[in-house]
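1. what's the 3D shape of this:
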Amino acid sequence: MLSNSTLNNENITDLKASTEEAAAHSNLMMIIATLTWMLLSIITLFIYCCNYWQLLRSRQRRLQRELEPDFQHSSQQSSLIG
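-> Prediction:
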């Protein structure tokens, strides 16, 4: 009878150990998934910002090109008048 209860205690201990091991594995997978999600979010944000700044720069260049002829034309007129 003593050996039967000892076997039951060992089974319970093994079951607890495997449950704790599964919980630790689950926690590790959750941490890895969270870190991966954060890394991908940061990369996506970086790409978005780079594209946004590139669009802003191209718009500024276009506006400068459009305004330069007007500025040159008005400065030529003022030099002719003066």
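2. pLDDT weak spots in the protein?
-> Across the chain, the ranges flagged by pLDDT under 70 are 1-8, 10, 12, 15, 69-82.
3. What segments of it are helices?
-> Along the chain, the segments classed as helices by DSSP state H run 2-81.
4. Count residues in the vicinity of residue 66, would you?
-> Per other Cβ atoms under 10 Å, the neighbour tally for residue 66 reads 9. No exception for glycine: its C-beta is placed from N, CA and C like everyone else's.
5. and it, what does it touch?
-> Going by Cβ atoms under 8 Å, 6 or more residues apart in numbering, residue 66 touches no other residue.
6. For it, give its distance to residue 56.
-> Separation of residue 66 from residue 56 (Cβ to Cβ, to the nearest Å): 16 Å.
7. Likewise for residue 20?
-> 54 Å.
8. Then residue 38?
-> Applying Cβ to Cβ to residue 38 and residue 56 gives a distance of 27 Å.
9. Over to residue 37?
-> 29 Å.
10. Ok, residue 34 next?
-> From residue 34 to residue 56 the distance is 33 Å (Cβ to Cβ).
11. Kindly report the same for residue 9.
-> Counting by Cβ to Cβ, the gap from residue 9 to residue 56 is 70 Å.
12. same thing with residue 64?
-> 13 Å.
13. now residue 24
-> Distance from residue 24 to residue 56, by Cβ to Cβ: 48 Å.
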